[in-house]
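Participant: this is a predicted model, with the sequence first.
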Amino acid sequence: MSQKTSPRPLEVACPQCHKKVAWVEENLYRPFCSKRCKLLDLGAWADESHRIAGETAMDETSIDEMILQAERDFSGSNS
Ligand SMILES: [Zn+2]
């Protein structure tokens, strides 16, 4: 395969609607997919009604770890 490898943006699941979101600078609402989801989530926290309903795809800790790992990968690639 002689395909050019373009850097793939890290993808996370929107904590609100679980849609796949590319972790890119232009996404101001990351890890949320949109402003709406971010506000909904913040509102839920403010109401203290943010409960885990069923299973979540990924908790915040694993998202943080993923991001840290991705950042390490990016900064550590000087070949
Ligand atoms: Zn969303």
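Facilitator: In hand now; what should we look at?
Participant: and the strands in the protein?
Facilitator: Using DSSP state E, the strands of the chain run over 11-13, 20-22.
Participant: for C37, give me its contacts.
Facilitator: 14-17, 29 (CB atoms under 8 Å, 6 or more residues apart in numbering). Quick note: C-beta positions are derived from backbone N, CA and C, even for glycine.
Participant: among those, which one has the most neighbours?
Facilitator: P15 (22 neighbours; other CB atoms under 10 Å).
Participant: just to revisit the earlier point, most packed of the strands of the chain?
Facilitator: strand 11-13 (a mean of 17; mean count of other CB atoms under 10 Å).
Participant: now that strand, how far from the centre of its chain.
Facilitator: Relative to its chain's centre, strand 11-13 lies at 4 Å (CA atoms, centre = their mean, to the nearest Å).
Participant: adjacent strands (with direction) for that strand?
Facilitator: Here strand 11-13 has these sheet partners by DSSP bridges: strand 20-22 (antiparallel).
Participant: with distance to W23 and pLDDT added, can I get the contacts of C37 in JSON lines?
Facilitator: Below are the contacts of C37 laid out as JSON lines (distance: CB to CB, whole Å; pLDDT from 0 to 100):
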{"residue": "C14", "distance to W23": "11", "pLDDT": "94"}
{"residue": "P15", "distance to W23": "13", "pLDDT": "91"}
{"residue": "Q16", "distance to W23": "15", "pLDDT": "90"}
{"residue": "C17", "distance to W23": "16", "pLDDT": "94"}
{"residue": "Y29", "distance to W23": "11", "pLDDT": "93"}
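Participant: sorry, back to before: for the ion, which of the strands of the chain is the nearest?
Facilitator: With CB to the ion, the closest approach to the ion among these belongs to strand 20-22: 7.1 Å.
Participant: quick one: mean pLDDT over the closest one.
Facilitator: The average of the pLDDT scores along strand 20-22 is 93.
Participant: show residues contacting that strand.
Facilitator: Applying CB under 8 Å, 6+ apart, the contact partners of strand 20-22 are 9-14, 27, 30-33.
Participant: and the ion, which of those residues reach it?
Facilitator: Near the ion, judged by CB under 5 Å from the ion, the entries from the contacts of strand 20-22 are 14, 33.
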